[in-house]
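Undergrad: Any chance you can model this:
(2 chains)
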Amino acid sequence: MLVLVSAFAQAQNVTVGAKHFTEGYILSEIMAQLLEANGFTVDRKYNLGGTMVCYKALERGEIDVYPEYTGTLSFEILAAAKNLSVNDINAQLKTQKLAIAQPYGFSNTYALVVPDKWSREKGVRNISDLQSHPEAKIGLSYEFLKRQDGWENLAKAYTLLQTPVGLEHGLAYSALVENKIEVTDAYSTDGEIVKHHLVVLNDDQKFFPDYLATSFFREDLDPKAQKVLEALTETITPSEMQAMNAAVLFEKKNFQQVAAGFLKDKKLVNDAAAENTSIVPDLLVKTGVHLRLTFISLLLAMLVAIPLGIVLYWNPVPARYVLYAVGLLQTIPSIALLAIFIPLTGIGEVPAVAALFLYALLPMVRNTYTGLQGIDPVLKKVAVGMGMNKTQRMKMLELPLAMPFILSGIRTAAVISVGTATLAAFIGAGGLGEYIVTGLALNNTSLILRGAIPAAVLAIAIEMLFEVIEQIAKPKYLK
Amino acid sequence: MAPLVLEGISHTYAQQPALHNVTVAFPGNKVTAVLGKSGSGKSTLLQVLNGMIRPAQGKVFFLNLPFDYAAADALRLRMGYVIQGVGLFPHLTVERNILLGTRLQNLSAQQPEARMDSLMTKMNLPLAYKQKYPFELSGGEQQRVGICRALLHNPPVLLMDEPLGALDAITREDIQHEILQLQKTEQRTIIIITHSPQEAAALADYILVLDEGRVLQFDTKENVLQRPVNTLVQRLTSTQAS
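TA: Just a heads-up that it's a prediction; the model follows:
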């Protein structure tokens, strides 16, 4: 009894990350619910923008574990020339104090898929069976046509003589359904395989590298948690993964339900994890985070931009170049800017605030500068003639007269920030963007709207708030 | 004793009318009108006097000391400055405009409010105007406020750059009259830039005639008007409409 109590008392917080795509969410949620069922407190950092974002976050200890694929580990993370085994990967990760568990049981790799019916009629089960069907119509994505592990080498390995046509990946499934083509490339766990009654041809010569899914974790992850996650070894078959992806993408089940169902079916937990509580408090929490990101970054930007605008006004020669530089920041795509900060600050609110801060600078600096520049020269002349020094002129004349411009710069920056803050979800900063980003990945419109509508309302509310502030602050001579 | 002296001032700068070897001692407690066409350099001369333009050659003496450009702001506090555009601060009331000087220096003028009231009365401004904003006043009223603001601390010198140029004839005459009345009670050295011979005749004790940056004549009003040194001075100072 005592042992049990102390085990619970020491139960650690585990932070689970997830890559921003359907399968990533499902696998992460399976891990998270499994850990929770075993007494751990789980912090979910989903929506991480890509492999490098997840990997850096893991390296820096901002997440403890996330699902990764052996092929990705070999080629992208370890930059190996060939696909590595689990043991080889662990040997190389040792120096970084990272490790992977034994695979879950399926590989999400490139595959050739054909309609189930066609496969049965023609007796095509393996890729090598295509040799005896030179008439098979093959349509492939442009990416697959070009890749090292794509068509050219595949055709050589299997001595296939068909000439494939190139087409957009998004169109390939409908082309298959309409019998325009009979074979296309796909990821082996795509939900579409279930939806369109397709089968994956067996890679009988082992041409495609394995992309075995498994838990990628820090060595300092609580050994008990590592033990818990080992229970997932060899539990998910390719068709089960296809079915779970299809359930989220096409049956509009949420991934929490799908993950809970899986754990229950496999008897890995006793009962389904508690349903998410009502969405209203969650919405409020996310709105709160959203506003916090926006306002902290705005406040910091104001503290820098307004003094900078004043300094530029006093030094008009460098002003042009500084304004160009600040303008340049504005042209960096938001996702790229967010990504730039990850090596410096890791993931979470800090890089999000930093990026929003940089975006807010330009409108504020420029409006401060032009507001000060635009002041009637007669006023400036008389202020000098009266004996006002630089600081007095700024305080008593120039700043008060430039204030309407400065305020409208802050207003522009605020509206930009509210919009851009939705992207902060990509680096685990939370906010309303979490709904949007998850909704985009799951192709779930109602989830997208759950984030997009409050974000739009916030933007309008901020516009209105500033209108009121501007009315109040408007000097009497302008009213 | 001349509170303002220019000694061999030459200044040629592309964007400003030039001055060539100007030497003048402005008589203390007298009104000197600097008369000339536009482009004659008279505005440049005024800005040289309060240090807003530092001349390429020559020296400026203010109250018998060489003008210290490092302390220009402090020196200007002792020179009233009134210009054609008036330059009342639009976001401040008349009262706060007039009292601006109290926020600039620690001179803590004796009862600035009383001084303001007395100046406003002398300039025929109703005291009720104190709470008005500049945009609520006519051009003449605005310039009267500008003069009150410049004189709050009773500076020994008042520099005026075409102060009445934009006003109608009647208002101009009224303000000229007010300035002269004020000069009777509190004498100071006034230098007024004007292109109008009538204004020079009405206000000045001395007239300095400037043309193309050179002093043509500098003498008492009577001497300049009655004994012009050449026909150009005669034409520039002629009060007859030409």
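Undergrad: Every contact and neighbour count from this point should use C-alpha atoms.
TA: Fine.
Undergrad: Tell me where the model's unsure across the stretch 151-300 of chain A.
TA: Applying pLDDT under 70 to the stretch 151-300 of chain A flags the ranges A:271-280.
Undergrad: ugh, typo on my part, it should be chain B
TA: B:1, B:106-110, B:240-242.
Undergrad: Could you count how many residues lie near the closest residue to A:H169 other than its chain neighbours?
TA: Spatial nearest neighbour of A:H169, excluding adjacent residues (CA to CA, 6 or more residues apart in numbering or on different chains): A:S141 at 4.9 Å. Applying other CA atoms under 10 Å in any protein chain shown, we find 21 residues neighbouring A:S141.
Undergrad: Next: B:D117.
TA: 18.
Undergrad: What residues does chain A have near chain B?
TA: Selection of chain A residues close to chain B by CA under 8 Å from any CA of the partner chain yields A:378-379, A:382, A:384-389, A:392, A:397, A:400-401, A:475-477.
Undergrad: Now, of these, which are buried?
TA: With burial judged by 16 or more other CA atoms under 10 Å in any protein chain shown, the buried subset of the residues of chain A next to chain B is A:379, A:382, A:384-389, A:397, A:400-401, A:475.
Undergrad: Please tabulate these in CSV, including the columns secondary structure, pLDDT and distance to A:T214.
TA: Compiled in CSV, those are given as follows (DSSP: H, G, I helix; E, B strand; the rest coil; pLDDT from 0 to 100; distance: CA to CA, whole Å):
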residue, secondary structure, pLDDT, distance to A:T214
A:L379, helix, 95, 71
A:V382, helix, 94, 74
A:V384, helix, 94, 72
A:G385, helix, 93, 76
A:M386, coil, 92, 76
A:G387, coil, 91, 74
A:M388, coil, 94, 71
A:N389, coil, 92, 68
A:L397, helix, 95, 65
A:P400, helix, 93, 61
A:L401, helix, 93, 62
A:P475, coil, 72, 64
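Undergrad: Is it correct that B:I192 falls within a strand?
TA: Yes: counting by DSSP: H, G, I helix; E, B strand; the rest coil, B:I192 is found in a strand.
Undergrad: beta partners of it?
TA: B:A33, B:M160 (DSSP bridges).
Undergrad: who touches it in this structure?
TA: B:31-34, B:159-163 (CA atoms under 8 Å, 6 or more residues apart in numbering or on different chains).
Undergrad: Go again with 7 Å.
TA: Contacts for B:I192 (CA atoms under 7 Å, 6 or more residues apart in numbering or on different chains) come out as B:32-34, B:159-162.
Undergrad: Tabulate the buried ones among the residues of chain A next to chain B (JSON lines), appending distance to A:A101.
TA: What follows is these, written out as JSON lines (distance: CA to CA, whole Å):
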{"residue": "A:L379", "distance to A:A101": "73"}
{"residue": "A:V382", "distance to A:A101": "77"}
{"residue": "A:V384", "distance to A:A101": "74"}
{"residue": "A:G385", "distance to A:A101": "78"}
{"residue": "A:M386", "distance to A:A101": "78"}
{"residue": "A:G387", "distance to A:A101": "76"}
{"residue": "A:M388", "distance to A:A101": "72"}
{"residue": "A:N389", "distance to A:A101": "70"}
{"residue": "A:L397", "distance to A:A101": "68"}
{"residue": "A:P400", "distance to A:A101": "64"}
{"residue": "A:L401", "distance to A:A101": "65"}
{"residue": "A:P475", "distance to A:A101": "67"}
